[in-house]
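K.L.:
Predicted structure and sequence below. I'll ask about it afterward.
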Amino acid sequence: MINTILKKLVVALVSWIGEDTISQQKGSVVKGAFLGQFFNTGFIILIVNANMKQHKPREFWKLFNGPFSDYLPQWYIEVGVKIITTYTVQGIMPFINVVKETVIRKIKGRVDSGCSGDRYKTKSRTIQNYKKAYSGPDMPIHFKYSEALNITFLAMLYGFGMPIMYPMAMAIISNQRLRERIQVAYNYTQPPAMDDSLSNSVMSIMKYAPVMLLFNGYWLMDNQ
């Protein structure tokens, strides 16, 4: 729910700011959506459970009064399990979305044909309405990129302490790729032609993933 609100907010802000091309616009959406998702799924759960009251200035750090002052064994049982659960849901959701969007498209077609199943029998008064009844939504490629970035950065952030996240990340991204191939073939409308600005924007973010591994991996290693 929170991620959905963040995505809509990012799209509204980028649309208000404006970009020269569609690729640049979607690249800006990728950055904003990724930062929102990563903070929501990667950092909030860490901050909420962190106990930093022993650090100075105490007036500031007393806000962080969670149960864990370090990566203790109990942290993996309580917080780590929640992160793995989120990962598991992300691995299942691609196939749920395929079924959901396929069913919705079929229902729209049935309603338009009066439940006859005959595409030549339609209630639509214009070509545009007829196309909407039988075609799926636009491909949200910018959100697909942001989700893949979020999965990768989460694996880099916590994978050293929970190595199962590395094969899980590979499986989730593979599932997403399979899902997108199915969606493009059967459900999504044909995406617009774009230049390489979006891909370059994603690669410029991806280069910081190893920094997450080095930064938090050292801390995790120190508490094994």
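P.N.:
Looks like it came in fine.

K.L.:
now the spatially most central residue of the chain, what's its secondary structure?
P.N.:
Computing the C-alpha centroid of the chain and ranking residues by Cα atoms, centre = their mean puts residue 147 first, at 2.6 Å. Here residue 147 is recorded as helix under DSSP: H, G, I helix; E, B strand; the rest coil.

K.L.:
Do I have it right that it meets residue 90?
P.N.:
Yes. Between residue 147 and residue 90 a contact is recorded at 7.4 Å, counting by Cβ atoms under 8 Å. Every residue, glycine included, has its C-beta placed from N, CA and C.

K.L.:
what sits in contact with each of those two?
P.N.:
Common contact partners of residue 147 and residue 90 (Cβ atoms under 8 Å, 6 or more residues apart in numbering): none.

K.L.:
Packing partners of the longest helix along the chain?
P.N.:
Across the chain, the helix with the greatest residue count (assigned by DSSP state H) is helix 81-112. Judged by 3 or more Cβ pairs under 8 Å, 6 or more residues apart in numbering; DSSP states H and E, helix 81-112 is in contact with helix 127-134, helix 141-158, helix 165-186.

K.L.:
Downstream of the longest one, the next helix or strand is which one?
P.N.:
This means helix 165-186. The helix or strand immediately downstream of helix 165-186 is helix 197-206, counting by DSSP states H and E.

K.L.:
Check which residues of that following helix are buried.
P.N.:
Applying a neighbour-count criterion of 16 or more other Cβ atoms under 10 Å, one finds 197, 198, 201, 202, 205 buried in helix 197-206.

K.L.:
what mean pLDDT does that helix have?
P.N.:
Mean pLDDT, helix 197-206: 81.

K.L.:
From the chain's centroid, how far away is that helix?
P.N.:
Computed by Cα atoms, centre = their mean, to the nearest Å, the chain-centroid distance of helix 197-206 equals 16 Å.
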